[in-house]
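Chemist: take this sequence and fold it.
(3 chains)
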Amino acid sequence: MNEMKTKAGGGNFEVRDYLRLDLMPHFMCPGCGHGIALRALLWAVHELGIDKDNLAIVSGIGCSGRVGAYIDANTYHVTHGRPLAFATGLKLARPDLKVIVITGDGDCLAIGGNHLIHACRRNLDITCLMLNNEVYGMTGGQVSPTTAENRLTTTTPSGNSEPAFDACKLAEAAGAGLVGREVTMQTPALRNLIKAGLEFDGFSFLEVMSDCTEIYGRKNDLGESAEMIMAQKSDMRPQAYTTITDQPFRPNRLVTGVLAQSDRPEYGATYRRQAAALRGETA
Amino acid sequence: MTATLQNLHGNHACAMGAIAAGCRFFAGYPITPSSEIAERMSRELPLVGGTFVQMEDEIASIAAVLGASSGGIKSMTATSGPGFSLKQENIGLAAAAEIPCVIANVMRGGPSTGTPTRPAQGDIMQARWGSHGDRPVIALTPASVKEVYDQTIRAFNLSERYRTPVILLFDQVISHLLEPIQLADMASLELVDRQWATGSSAEFAPYASTESGVPPMPRPGDGYRTHTTGLTHGEDGFPSQEPTIVTQATQRLLDKIENHRDDIEAYECHDTDDAEVLVVAYGISARAARAAVREARAMGIAAGLFRPITVWPFPEDALKAAAANAKAILVPEMNAGQLRLEIERLCGSDVKVEGLNRIDGQPIDPAQVTQQIRELADK
Amino acid sequence: MSNMEIRFGGSGGQGLILSGRLLFQAFVDAGKHAAQSQSYEPTSRGGFCNADLVVSEGDVDYPLVSSIDYLVLLDQIGVAPSAAMIKPGALVLIDSRLVPAPPVGDFTLHQAPFTDEAIALGSHRAANVVALGSLVALSGICDRETVAAAVRAGTPKAFLDLNLVALQRGFEIADAMEAVDTIAKVVQL
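Modeler: Numbering: from 1, shown residues only, chains lettered A, B, ... in the order given. So this is what the prediction gives:
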């Protein structure tokens, strides 16, 4: 009866129905936020009734890149920084597939930064889930484009002196159709944000504030996973509260929810319409 | 559709060959002297239900091609030296994950930005060794506009049959050369489609060895839900660093090409049977060599031409047969002597191998080759 | 089997490639084997540009020129890359205003103000076709009507009328050269 549960949102959500259980135990460190993000993603997939056979997960290199392999779908683990470019080809060639990119702050914003801004600009129907743990975890804890200032990493022994990217502002400015951010502690809210992204007809960029307890947390004395997640929570405020006076007890660092949405045309449909016109076909 | 005569530039012939071969996806980035391939594809693909996309850079172009091909669509990109360098990592992914694709590299002078509008043949070794690690490679070197068309079709067929990237190497001269060519008769054209996985998905192992060495490819949407990765992987497609699995996986990639040399190798011999001076040349340099060999024969010199069309894997046995009576081998090429290394490796213990090399962005002309044939014949 | 080698040389943007392509088409239509190549500099406008043809009764072995039988030069910048390749006895046409220092050697040199003639017809852009007309008329390498058909088939619509007039003007210039023999003909031995 497992098959039944995977169809069209039928039945309760069982994460196991969407995982390659043969691969367990997984590679993630205790306390890593990526597992929560994975669960929220699969929960959203379940609730939307997306058929696993038509689901394509594309990921790059790094801790985020390894997450996709656990999903019981068509999974592609490609070169560092290039999952969005790979996904662009896949989605253009196969518009019938639901294409999700799982990437990280280094994969997406550093080595793959060019692809991100152009994926946003193109507005092809892809959902990009960027798991932001503020560090290059898999290679041992080097500084990333989202590492907060003054943080210690293996390549910033005196503290990071580079400013961090605000990935959501970047994505919005580059033209992404839908932009959102959520923390892992609010898993149902994260699920809802991912659903919004998956339902959106265009490019959706979703930043998930993950946490790297084992490497980044220890190096910076940020405590255990629970403490790191709570710290995110205390940094956060829903987008509905637009000014600092709404919730004066919270700083304004992490705005969450759907942060931007536009009705720009989806690129694939536009291209196919143009092509059909060239062939003399009517829409 | 019947066969038609058209006047085409090399770059346009490449695009039209791709369309004839069933290519329905092209991702590219502008670069001299290959841009007309992208331009032509942007016009042709929508007419046949395909997709063209100009990506943000060279790396994105090859990555998008791999994505589209993974989706089941025959796909290609085109570039020149600097872009070919940028694409190498993803060519490795295509080889490792066995994603069919065609990469046209219209060679110009290098290194670096080099001489963008001048021809060269300096990427012969990069085509072989450009991406890191041990990997299979097929590279083809057409020498005329007609052959660009035919070999582009063949590149797709080989790529599909062996699930491997195939590189087309030609140069600025051929890319902008206008020659009349006969387009393929689509009804009689042999086209190869990759073997798709069929049957039960329950025990399906996407990288299991088969008799041919080429596993059938699972198409997304067909229910196999497999994993594709550039990490070295076992038959189940999942990463492994276990020595026996790593050996098997890498060896199979190499064997599937090595064991099919007969099908993959292509070459042409002119007057080689009794040739005492054998010229080995490819691409535009082979056109000069052919004229030179004709002239040398008219002078009474026993000269011959061996022209590899498949340059990798190099047609080793055919070369050795063509060189059986040679007392000297001349390798004219527009680089400092890249293919000469391979010829020396294959024949150097028996016969003198000399290069005729131009690195000035000028094509080698027949008179130069004739002159050197004469000198070698007199020695 | 000997080849015929033809070059249109000058500066990028002068329409040399088009002239080469039109003449290529004329030869192909006349049943000849031909290959047309081009060499140019990275700048789209202003660098040297050559459009070359090799014409043969059989397959063209080597498609590039090395010993030019017919040379048209529309700009001084085209002289240097071609001077050493001119075959003894060749026919060379130059633009009398834009090539102030023509090549010197054992060949027949004709000069005419192709560009000024084109300007008089309406656009300097037609200088390439005026020169093409003169080359064909002077050399007899192919029929006037065959090259006119190639111009009709291969010219973008917007330039068709102009190019047909330009081609005709090129014929006339050549005919006048033959008739007068001294208008613009310089023979240097």
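
Chemist: for chain A, what spans make up the helices?
Modeler: A:2-6, A:34-47, A:63-67, A:83-93, A:105-109, A:113-122, A:167-174, A:187-199, A:218-219, A:225-235, A:267-278 (DSSP state H).

Chemist: again with chain C
Modeler: C:16-29, C:79-83, C:114-121, C:127-139, C:144-154, C:157-180.

Chemist: coming back round to it: okay if I get the helices of chain A as CSV plus mean neighbour count?
Modeler: (C-beta placed from N, C-alpha, C; glycine too.) Converted to CSV, the helices of chain A look like this (neighbours: other C-beta atoms under 10 Å in any protein chain shown):
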stretch, mean neighbour count
helix A:2-6, 13
helix A:34-47, 23
helix A:63-67, 26
helix A:83-93, 31
helix A:105-109, 29
helix A:113-122, 22
helix A:167-174, 20
helix A:187-199, 20
helix A:218-219, 15
helix A:225-235, 17
helix A:267-278, 16
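
Chemist: those helices: which one's closest to chain C?
Modeler: For chain C, the closest of these is helix A:267-278, at 20.0 Å, according to C-beta to the nearest C-beta.

Chemist: remind me what the closest one packs against, helices and strands.
Modeler: helix A:83-93, strand B:51-54 (3 or more C-beta pairs under 8 Å, 6 or more residues apart in numbering or on different chains; DSSP states H and E).

Chemist: C:Gly58 is nearest to which of the ones you listed?
Modeler: strand B:51-54 (38.2 Å; C-beta to C-beta).

Chemist: whatever helix or strand comes next after the closest one near chain A at all?
Modeler: Downstream of strand B:51-54, the next assigned helix or strand under DSSP states H and E is helix B:58-70. Yes: Helix B:58-70 lies within reach of chain A by C-beta under 8 Å from any C-beta of the partner chain, at B:59-61, B:63-70.

Chemist: now the element after helix B:58-70, going C-ward?
Modeler: Downstream of helix B:58-70, the next assigned helix or strand under DSSP H and E is strand B:75-79.

Chemist: contact partners for the closest residue to C:Pro100 other than its chain neighbours?
Modeler: Nearest residue to C:Pro100, sequence neighbours excluded (C-beta to C-beta, 6 or more residues apart in numbering or on different chains): C:Gln76, at 6.3 Å. By C-beta atoms under 8 Å, 6 or more residues apart in numbering or on different chains, the contact set of C:Gln76 is C:98-101.

Chemist: of those, just the buried ones, ChimeraX syntax please.
Modeler: The ChimeraX command for the buried members of these (criterion: 16 or more other C-beta atoms under 10 Å in any protein chain shown) is given here:
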select /C:98,99
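
Chemist: got the residues of helix B:58-70 next to chain A as a markdown table, with pLDDT and neighbour count columns?
Modeler: Output for the residues of helix B:58-70 next to chain A, formatted as a markdown table (pLDDT from 0 to 100; neighbours: other C-beta atoms under 10 Å in any protein chain shown):
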| residue | pLDDT | neighbour count |
| --- | --- | --- |
| B:Ile59 | 98 | 24 |
| B:Ala60 | 98 | 30 |
| B:Ser61 | 98 | 31 |
| B:Ala63 | 98 | 35 |
| B:Ala64 | 98 | 33 |
| B:Val65 | 99 | 35 |
| B:Leu66 | 98 | 32 |
| B:Gly67 | 98 | 32 |
| B:Ala68 | 98 | 31 |
| B:Ser69 | 98 | 29 |
| B:Ser70 | 98 | 29 |
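
Chemist: please look at C:Glu41 and B:Pro116 and confirm they touch.
Modeler: No: here C:Glu41 does not reach B:Pro116: they are 9.3 Å apart, not a contact under C-beta atoms under 8 Å.

Chemist: next one: the residue nearest to C:Pro100 from chain A, what distance?
Modeler: Using C-beta to the nearest C-beta, to the nearest Å, C:Gln76 is found at 43 Å from chain A.

Chemist: same deal with C:Gln168?
Modeler: For C:Gln168, the distance to chain A - C-beta to the nearest C-beta - is 38 Å.

Chemist: over to B:Val106?
Modeler: Going from B:Val106 to chain A by C-beta to the nearest C-beta gives 21 Å.
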